[in-house]
Structures are given as structure tokens and as C-alpha cells.
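> attaching a predicted model along with its sequence, questions to come.
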Amino acid sequence: MSNNKAKKIDPNENVLQKHVAFFDRNHDGIVYPWETFQGFRAIGCGYLLSSVACIFINFGLSQKTRPGKFPSIFLPIEIKNIEKAKHGSDSGVYDSLGRFVPSKFEEIFIKHAKKNPGALTSDELMGLLKANREPKDYKGWFASYTEWKILYVLCKDKNGLLHKETVRAVYDGSLFEQMEKEHSEKKNK
Ligand code: HEM
Ligand SMILES: [Ca+2]
């Protein structure tokens with residue numbers, strides 16, 4: 001990604017809400033499957049990935065964010081409860097309240113970015129995913145794998161590196177805004 005400016009993330013804020021808010025296209029606090037689809041399209045993903053992603057994400061997360069209620073056939077994700085949608089085998093960069101944990105973020109690169117400081121190769125990313133795996137947490141393995149692999153495929157540079165500032169920007173959702181801007185500029189060329 002180009003134009004990644006190092007930006008501090010407030011560790012007291014629920015930034016997981018920001019990660020998701022990009023996909024709340026009409027800003028009503030709820031992410032419906034068609035909004036997930038539109039969000040994926042807006043950052044430049046194709047129809048197939050956008051369709052599969054919106055089905056998996058809204059099926060997977062909707063009910064977790066609506067505790068104690070009957071499932072809704074519209075599969076809404078309620079942003080105000082998004083931290084309830086956290087899964088296992090993650091990096092721990094989001095804490096249980098959706099806050100950004102700077103030490104966990106730094107740990108990713110201290111432990112795994114060996115070839116180039118501040119960037120992950122494909123193999124190093126796989127090393128991170130394996131290191132985060134909790135025994136038999138297959139759902140968590142799958143969720144983490146897809147989150148990180150999609151990020152890698154969309155945002156690696158021409159040398160196959162995923163940069164630290166790109167990863168930081170995914171946590172507060174600013175990456176999605178940047179990608180949307182870059183995608184619409186490309187389209188309008
Ligand atoms: C292209 C789109 C997306 C990418 C590349 C992406 C990527 C990521 C990454 C890399 C993480 C961090 C995982 C970790 O720290 O181990 C994450 C966490 C998370 N994402 Fe996304 N994400 C995307 C879209 C979405 C959407 C649409 C939703 C829901 C509406 C969502 C909900 C979450 C949640 C709830 C977490 C917290 C998981 C946890 O820490 O256990 N993401 N995502
Ligand atoms: Ca909405």
C-alpha cells in the first residue's frame with residue numbers, strides 16, 4: 001500500500017468498532033450482508049470474494065453481536081457489541097473490549113519479521129498464524145487464516161511484503177478508507 005502514514009491509535013478506544021464501521025455504509029450502527037458486500041467491492045475486491053465474504057462474515061458474526069435475541073434472517077451485525085464477535089487463535093492485538101494493545105502489535109513484528117524489520121513475508125505470516133493457534137480451535141484457525149490471508153493478498157507490496165503500517169491501519173479501519181480512495185481514483189482514471 002502506498003501513503004501509509006504512521007498514526008497513533010488511542011489504546012483506550014474500542015477501535016474494533018472502527019474496523020467494522022467502514023462496512024456500515026449507511027451509518028446506522030448495523031452491518032447487513034449487502035453492506036459487507038458493498039464495502040468489499042469499494043476496496044476493490046471482485047464479485048466472488050465479496051459474495052463469499054459477506055455470507056461467511058454475517059453468518060458467523062451476526063448472532064454473537066445480538067446476545068439473547070432470536071436470530072434475524074437479515075443477519076445484522078451490531079457494531080456496538082462487536083467485541084463479542086472476537087474469536088480464538090487471534091493475535092491478541094484487540095483486547096476483550098476491542099481496544100488496541102500496542103505491546104501485542106509490536107510483538108508480531110519483533111517475533112516474526114526476521115527478513116525485513118517492519119514487514120512480514122508470506123512464510124513469516126504463516127509462522128504468526130501457527131504461533132497464534134490454540135489447540136483444536138478450528139473455527140479460530142479458520143477465521144484468523146482468512147482475515148490475515150485476505151489482508152496479505154490485497155495489501156502486500158510488489159516484493160510480497162506486508163508492511164507494519166498497513167497492518168496497523170487495518171486495526172483502526174483507516175486502511176479500508178485508504179483502499180477505497182485508491183480504488184476509486186484508479187476507476188476514474
Ligand atoms: C477486507 C476486509 C477485512 C480484512 C482484510 C480484515 C482483516 C482483519 C485482521 C487482520 C484482523 C486482526 C486479527 C488478529 O489480530 O489476529 C481482523 C479482526 C477482526 N475483524 Fe476484520 N477484516 C476485514 C473485514 C471485516 C468485516 C467486514 C468484519 C465485520 C463486519 C470484521 C470483523 C472483525 C472482527 C470482529 C475482528 C476481531 C477478531 C479477533 O481479534 O478475535 N472484519 N480483521
Ligand atoms: Ca448499516
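Perfect, I can see it now. Numbers count the residues shown, from 1 in each chain. Ligands and ions are numbered 1, 2, ... in the order given.
> stretch 27-46: how far from the chain's middle?
How far stretch 27-46 lies from its chain's middle: 13 Å, per C-alpha atoms, centre = their mean, to the nearest Å.
> ends of that stretch, how far apart?
23 Å (C-alpha to C-alpha, to the nearest Å).
> in that stretch, which residues are buried?
30-33, 35-37, 39-45 (16 or more other C-beta atoms under 10 Å). All C-beta spots, glycine's among them, are computed from the backbone N, C-alpha and C.
> which of the residues you listed sits closest to K136?
Set against K136, the nearest of the buried residues of stretch 27-46 by C-beta to C-beta is T36 (28.3 Å).
> ok so, going back, max pairwise distance over the buried residues of stretch 27-46: which two?
Once C-beta to C-beta is applied, the buried residues of stretch 27-46 give I30 and G44 as the farthest pair, at 24.0 Å.
> in contact with S122, which residues?
S122 makes contacts with Y152, K156, G160, as judged by C-beta atoms under 8 Å, 6 or more residues apart in numbering.
> the same query, at a cut-off of 7 Å, please.
Contact analysis of S122 by C-beta atoms under 7 Å, 6 or more residues apart in numbering lists Y152, G160.
> for this protein, which residues are neighbours of ligand 1?
16, 19-20, 23, 31, 36, 57, 61, 77, 82, 85-87, 90-91, 93-94, 144, 147-148, 150-151, 170 (C-beta under 6 Å from any ligand atom).
> if we can go back for a sec, contacting ligand 2 as well, which ones from the buried residues of stretch 27-46?
I30 (C-beta under 5 Å from the ion).
> about what we covered before: from the residues of the chain next to ligand 1, which ones fall inside strands?
V31, I77 (DSSP state E).
> flag the shaky bits of the chain, pLDDT-wise.
Flagging of the chain using pLDDT under 70 yields the residue ranges 1-6.
> centroid-wise, who is the farthest residue in it?
K189 (28.0 Å; C-alpha atoms, centre = their mean).
> dump the residue contacts of the nearest residue to I77 once chain neighbours are set aside.
Take I77 and drop its neighbours on the chain: the residue closest to it by C-beta to C-beta, 6 or more residues apart in numbering is V31, 4.2 Å away. For V31, the contact set (C-beta under 7 Å, 6+ apart) comprises V20, F23, D24, I77, I79.
> can you name the residues in contact with the strand or helix carrying I108?
For I108, the element it lies in under DSSP states H and E is helix 102-112. Outside helix 102-112, the residues within contact range by C-beta under 7 Å, 6+ apart are P11, S91, G92, V93, G118, L120, E124, G127, L128, K164, R168.
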